[in-house]
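> sequence and predicted structure, then a few things I'm wondering about:
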Amino acid sequence: MRLLVLSKRQYTGKDLLDDRYGRLYELPVELAARGHEVSVLAASYRPRSESRNVESGVSWDSVNVGRSPFAYWRRLQALLRDVRPEVIWASSDAFHVIGAAALGRRSRVPTVADFYDDYEAFGLTSLPGLRTALRRASTRVDAISVVSHSLAATLRSRASIAAPLDVVENGVPAIFTRAAERAEARQRLGLPQDVPLIGTAGALSASRGIGDLLAAYRLLREREPGVKLVVAGPRDRALSRDLAEHAIDLGELAHAQVPLLYSALNVGVVCNKDSAFGRACYPQKLAEMVASELPVVVAAVGDAALLLQGHPVCLYTPGDAEGLSRRLEQQLRSPVVVPSSLALSWKTLAIKLEDVLQKAARLAPD
């Protein structure tokens, strides 16, 4: 199958090409490994060195769309001519879904829209008419891939989508395993050896419910004074003082070091709010912790609640700091480890996406 992937270059705080990160990197690479001819056109909304190269079996193109929308359009037309795609897979935001729906119809190429997040929650869709255009485009593509069951239900509730809509979750890179024995991991990160450690990595912001963890930690310390909190990741400026006063702060760890942190902890925490974002997103951090065989306590919202419904000791109600502190205490005393099979590999998910793409190609009108 000849596949053209349309995406933006900067997403989820990373750079698709510089960081070789996430869904829009891993799935094209795995599809190429399965024998498909994959070309990616990445629109950079920020000035970056434009490039064109083949790596990991995928042809990667980057164009600075903000500097020259016409250059992007010319490159897109050249790819349509040279690649002759059998399917287009478009992801990233409202612009990409709307543009791909129109492009697919005009060029008579089956098109699959990918929602790795609720694009209506992005600031971009505050532009007049864009939300309506996004919903209309969702009804004009040949299939939809979506990152979570919760988001799939939301999309169905918003528009009369007749095309197949399939959940293709986010995967876990192979680096997320038990990276080292606990003592070694703590030594390498400069963490104390003989105390219980709870913690988290990733976005440390009020919008993600990190305040629950800070409040729960203060309550937990009253009953378990030896416990220490460890955090790593980008954070709200307003939270910096609280983190400095109450946590061992490792700053922003390289993604490859996060498995080492999970090996060092006794319990991992995944906070979230019961918000549109919290309900729609795929719990990536949860999957990574589970793959690392780390006992967890997770906000019971969206797909996280679905995935852990058989493990109630691992769930807490968002906003309930007391409940979170009690769950942490339970997990420290009698740890429950969720089966690592809950975390899916990118290879497995590429097979799911392959089925979506092939179905779109079969069912698309001539």
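Done, it's in. Numbering: from 1, shown residues only.

> can you pull out the helices in the stretch 51-200 of the chain?
69-83, 94-107, 130-138, 149-158, 182-189 (DSSP state H, counting those that start in this stretch).

> and for the stretch 201-350 of the chain?
In the stretch 201-350 of the chain, the segments counted as helices under DSSP H, counting those that start in this stretch are 210-223, 240-246, 258-264, 276-280, 284-291, 302-307, 321-333, 346-363.

> which pLDDT value does the model give Pro365?
Pro365 is assigned 69 on the pLDDT scale.

> Ser340 too?
In this model, Ser340 carries a pLDDT of 89.

> isn't it up against Ala291?
Yes - judged on CB atoms under 8 Å, Ser340 makes contact with Ala291 at a distance of 5.5 Å. C-beta coordinates here come from the backbone N, C-alpha and C atoms, glycine included.

> more neighbours: which of those two?
Neighbour totals were compared for Ser340 and Ala291, and Ala291 leads with 25 against 17 (other CB atoms under 10 Å).

> can you pull the contacts of that one?
Going by CB atoms under 8 Å, 6 or more residues apart in numbering, Ala291 touches 172, 176-177, 340, 343.

> one more time with 10 Å, if that's ok
Neighbouring residues of Ala291 by CB atoms under 10 Å, 6 or more residues apart in numbering: 171-178, 259, 262, 338, 340-345.

> and it, how far from Leu204?
21 Å (CB to CB, to the nearest Å).

> what does Ala94 give?
Ala94 is 28 Å from Leu204, where distance means CB to CB.

> how about Gly302?
Taking CB to CB, one finds Gly302 at 19 Å from Leu204.

> so what touches stretch 345-354?
1, 3, 22-23, 25-36, 89, 112, 114, 145, 166-174, 176, 291, 344.

> how far away from the center of its chain is that stretch?
Relative to its chain's centre, stretch 345-354 lies at 15 Å (CA atoms, centre = their mean, to the nearest Å).

> which parts of that stretch are buried?
345-346, 349-350, 352-354 (16 or more other CB atoms under 10 Å).

> ok so, going back, can you put the helices of the stretch 51-200 of the chain in TSV and add distance to Ala43 and mean neighbour count?
Shown next, in TSV, are the helices of the stretch 51-200 of the chain (distance: least, CB to CB, whole Å; neighbours: other CB atoms under 10 Å):
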stretch	distance to Ala43	mean neighbour count
helix 69-83	6	14
helix 94-107	8	19
helix 130-138	16	18
helix 149-158	23	17
helix 182-189	37	16
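
> looking at those helices, which is closest to Ala254?
helix 182-189 (12.0 Å; CB to CB).

> centre of the chain to that closest one, how far?
Centroid displacement of helix 182-189 relative to its chain, using CA atoms, centre = their mean, is 27 Å.

> got it, and stretch 193-204?
The answer for stretch 193-204 is 21 Å, by CA atoms, centre = their mean.

> kindly export it (C-alpha atoms) in CSV.
What follows is stretch 193-204, C-alpha atoms only, in CSV (Å, rounded to 0.1, in the frame of the first residue of the first chain):
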residue,chain,number,x,y,z
GLN,A,193,17.9,4.5,48.8
ASP,A,194,16.1,3.5,51.9
VAL,A,195,12.8,5.4,51.8
PRO,A,196,9.5,4.8,49.9
LEU,A,197,9.3,7.0,46.8
ILE,A,198,6.1,8.0,45.0
GLY,A,199,6.1,10.1,41.9
THR,A,200,5.3,11.0,38.3
ALA,A,201,6.8,12.3,35.1
GLY,A,202,5.4,14.5,32.3
ALA,A,203,3.4,17.7,32.3
LEU,A,204,3.2,19.0,35.9
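
> distance from stretch 303-319 to the middle of the chain?
18 Å.

> buried sites along the helix or strand bottoming out on mean pLDDT in the chain?
One helix or strand of the chain scores below all others by mean pLDDT, DSSP states H and E: helix 240-246, with a mean of 73. Residues of helix 240-246 classed as buried by neighbour count (16+ other CB under 10 Å): 242-243, 246.

> please name the nearest non-neighbouring residue to Tyr21.
Residue nearest to Tyr21 in three dimensions, not counting chain neighbours: Lys14, with 4.1 Å by CB to CB, 6 or more residues apart in numbering.

> check what pLDDT the one you found gets.
Reported pLDDT for Lys14: 86.

> go on, Ala238?
Per-residue confidence (pLDDT) for Ala238: 68.

> other SSEs contacting the least confident helix or strand of the chain?
If you count contacts as 3 or more CB pairs under 10 Å, 6 or more residues apart in numbering; DSSP states H and E, helix 240-246 packs onto helix 210-223, strand 228-232.
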